[in-house]
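**Student:** with the sequence up front, the predicted model follows.
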Amino acid sequence: MNWWENEFLQVKQNKLYLENFSAEQLARKYGTPLYVYSLKKVATNYRYLRQAFEPAPTGIEVKIAYALKANSHPGLLKMLIKEGAAIDAVSPAEVEKAIQAGFPEDRIMFTGTSISQEDFERVLAHPGVTINIDAYEQIELLQAARKRCQIKNPVRVSVRWNPGLGRGFSSKTVTAGERSSDGTPIKFGIEDSRVIETFEKLRSLKFLTVGLHQHLGSGWSEEDFPVAVKAVDRMIKKARQLKMAGFNLEFLDFGGGFGPRYSPDQRLFPLKEYAAYIVDRVENSRLGLNSIIVEPGKYLVAEAGVLLVKVEYLKRSYGNLFACVNAGTYNTVPRPAIYEEAYHEIVNASQVNGGKKHRITVAGHLCETGDVFGVERLLPCPERGQILAVLMAGAYCRSMASNFNLRDIPQEILLGSL
């Protein structure tokens, strides 16, 4: 059995099947390149995460806030509504998309960076949404937006603070601390020394301060666990300081960044242990919270999607062997082109195993040297017309796709709704 096989990805007669559908047949019917998503796999991931927090502290609801930016397919959103998910939105358009999909406003939190007054005005049109302040300097813009919109009812706000600790699979995905590992200053959150000042400013302007939020980064694996629990302790400590200052919070949002398994040697972040640690610390905190929020981001949807591409021809050059396919990374799976650390398993859907394997570079059709889905991967040598599947394409693929080189963005199909 291959390391990546699960209830979504299966091998039958040496062919790749997506649930009970042949990848080759789907490619022939709908054309390539093609995104294919599994509702069943998303639901499985959601329920596993929800169960990790059971039993929750008495009287406290655990909310799983899906990062809409990972994948905004309407069918996925409707399924997540039924499962009871909340939404982590980072733009006014994402707030609007979530509401159009059917999410109640009180289950949406808007967290934005470099936000304009106009952005706040669009969000304030939906009074049930909680606004998460990312900078002390945003308060002036939010106040101006409230006046312009003539909002009379209390506006619910929380504060995103930077706990001084950050973790991510890439220097470009670290979202807390002073600087990322490559020296880039971290733009997110309010530094520790200004958190209480920020709450006091919001209170003086009669905003309703309801929560404290943090987010360390994206793509945690097992090695990130010690830092993640240290950040939980810092969050509890900061919430106690706020309580002593007269701020009784409704919730703590511990962010997220749980990494799915992209490669065979990746050790998964211990979700159950992390959830148990949060539950224990909250139970013993006596903070009087109504809810705990976590933001699993890509964890819910990454492994529930694949991209199917067709091999147009094989090319040999200077000892290199290329499988030239009818898609480009920037247009379909941008992660390998953006992050040096990004890895997506590639499967020959037409001949999964067997035969002599060759070192093959899977090359896209864009005018960029970096447009390769994988470099020198050991694969059964594909033939012209065969189908390759790029795995882990459910998150940050279609949502980051583009029309670079004026290429079309692929269509998407959702298994479970066909």
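**Tutor:** Structure's in. What do you need? Numbering: from 1, shown residues only.

**Student:** right, and the helix or strand after the helix or strand bottoming out on mean pLDDT in the chain?
**Tutor:** Counting by mean pLDDT, DSSP states H and E, the weakest-scoring helix or strand in the chain turns out to be helix 335-338, with a mean of 88. The C-terminal neighbour of helix 335-338 among helices and strands, as given by DSSP states H and E, is strand 346-348.

**Student:** what's in contact with that next one?
**Tutor:** Counting contacts by C-beta atoms under 8 Å, 6 or more residues apart in numbering, the residues outside strand 346-348 that touch it are 2, 4, 9, 16, 362, 373-374, 377, 379-380, 382, 386-391. C-betas here are computed from N, CA, C, even on glycine.

**Student:** hmm, 10 Å instead?
**Tutor:** Counting by C-beta atoms under 10 Å, 6 or more residues apart in numbering, the neighbours of strand 346-348 from elsewhere in the structure are 2, 4, 9, 11, 14-16, 23, 306-307, 309, 311, 323, 325, 353-355, 357, 360, 362, 373-374, 377, 379-383, 386-391.

**Student:** give me the subset of those lying in strands.
**Tutor:** Judged by DSSP state E, the contacts of strand 346-348 include 9, 11, 15-16, 306-307, 309, 311, 323, 325, 357, 360, 362, 373-374, 377, 379-380, 387-390 as members of strands.

**Student:** output the longest helix belonging to this structure.
**Tutor:** Among the segments of the chain that qualify as a helix by DSSP state H, the longest is helix 225-244.

**Student:** buried ones in that one?
**Tutor:** Under the neighbour-count criterion of 16 or more other C-beta atoms under 10 Å, helix 225-244 has 225, 227-229, 231-232, 234-236, 238-239, 242 buried.

**Student:** ok, stretch 112-125 next?
**Tutor:** By 16+ other C-beta under 10 Å, the buried positions in stretch 112-125 come out as 112, 115, 119-124.

**Student:** start to end distance for it?
**Tutor:** Chord length of stretch 112-125, first to last residue, is 16 Å (C-alpha to C-alpha, to the nearest Å).

**Student:** can you list the residues that contact that stretch?
**Tutor:** Taking C-beta under 10 Å, 6+ apart as the criterion, the residues outside stretch 112-125 that touch it are 89-96, 99, 108, 110, 129-135, 137-138, 140-146, 148-151, 155, 160, 175, 187-189.

**Student:** which PyMOL command selects the buried ones in the residues you listed?
**Tutor:** The PyMOL selection below is limited to those of the contacts of stretch 112-125 classed as buried (16+ other C-beta under 10 Å):
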select buried, resi 89+90+91+92+94+95+96+99+108+110+129+130+131+132+133+134+135+138+141+142+143+145+146+149+155+160+175+188+189
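
**Student:** what about burial for the ones in strands among the contacts of strand 346-348, which qualify?
**Tutor:** Applying a neighbour-count criterion of 16+ other C-beta under 10 Å, the buried members of the ones in strands among the contacts of strand 346-348 are 9, 11, 15-16, 306-307, 309, 311, 323, 325, 360, 362, 373-374, 377, 379-380, 387-390.

**Student:** name the residues linked to Leu18 by a beta bridge.
**Tutor:** In this entry, Leu18 is beta-bridged to Leu9, Phe21, by DSSP bridges.

**Student:** distance check, it against Val42.
**Tutor:** With distances taken as C-beta to C-beta, to the nearest Å, Leu18 is found 13 Å from Val42.

**Student:** identify the contacts common to those two.
**Tutor:** By C-beta under 10 Å, 6+ apart, the residues touching both Leu18 and Val42 are 8, 305.

**Student:** who's more crowded, the two?
**Tutor:** A direct count of neighbours by other C-beta atoms under 10 Å for Leu18 and Val42 places Val42 higher, at 29 against 23.

**Student:** in terms of helices and strands, where is the more buried one?
**Tutor:** Element membership of Val42 [criterion: DSSP H and E] is helix 39-52.

**Student:** check contacts around the residue of the chain most remote from its centre.
**Tutor:** Relative to the average C-alpha location in the chain, and by C-alpha atoms, centre = their mean, no residue lies farther out than Tyr318, which sits at 39.1 Å. Contacts of Tyr318 were listed using C-beta under 10 Å, 6+ apart, and none were found.

**Student:** hang on, the earlier thing: give the next helix or strand downstream of the helix holding Val42.
**Tutor:** Where DSSP H and E defines the elements, the next helix or strand beyond helix 39-52 is strand 61-67.

**Student:** how far off centre is that following strand?
**Tutor:** Its chain's C-alpha centre lies 13 Å from the corresponding centre of strand 61-67 when counted by C-alpha atoms, centre = their mean, to the nearest Å.

**Student:** pairing partners for it, with directions?
**Tutor:** In its sheet, and by DSSP bridges, strand 61-67 pairs with strand 86-89 (parallel), strand 291-295 (parallel).

**Student:** tell me which of those is the most buried.
**Tutor:** Between the strands paired with strand 61-67, the one whose residues have the most neighbours on average, counting mean count of other C-beta atoms under 10 Å, is strand 86-89 (a mean of 27).

**Student:** in the protein, where is pLDDT below threshold?
**Tutor:** Residues of the chain that meet the criterion pLDDT under 70 lie in 418.

**Student:** what residues go with each domain of it?
**Tutor:** Residue ranges for the structural domains of the chain, counted by automatic domain parsing, are given in the record as 9-30+302-415, 40-300.

**Student:** mind listing the helices for the stretch 101-250 of the chain?
**Tutor:** Using DSSP state H, counting those that start in this stretch, the helices of the stretch 101-250 of the chain run over 117-124, 138-148, 195-204, 225-244.

**Student:** make CSV out of those and add distance to Arg28.
**Tutor:** Compiled in CSV, the helices of the stretch 101-250 of the chain are given as follows (distance: least, C-beta to C-beta, whole Å):
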stretch, distance to Arg28
helix 117-124, 43
helix 138-148, 51
helix 195-204, 56
helix 225-244, 44
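
**Student:** of the ones you listed, which approaches Arg179 most closely?
**Tutor:** Comparing those by their distance to Arg179 (C-beta to C-beta), the top pick is helix 225-244, with 15.2 Å.

**Student:** what packs against the closest one?
**Tutor:** With contacts taken as 3 or more C-beta pairs under 10 Å, 6 or more residues apart in numbering; DSSP states H and E, helix 225-244 sits against strand 156-162, helix 195-204, strand 208-213, strand 251-256, helix 271-283.

**Student:** if you set the cut-off to 6 Å instead, what comes out?
**Tutor:** In terms of contacts (3 or more C-beta pairs under 6 Å, 6 or more residues apart in numbering; DSSP states H and E), helix 225-244 is packed against helix 271-283.

**Student:** that concludes my questions; thank you for your assistance.
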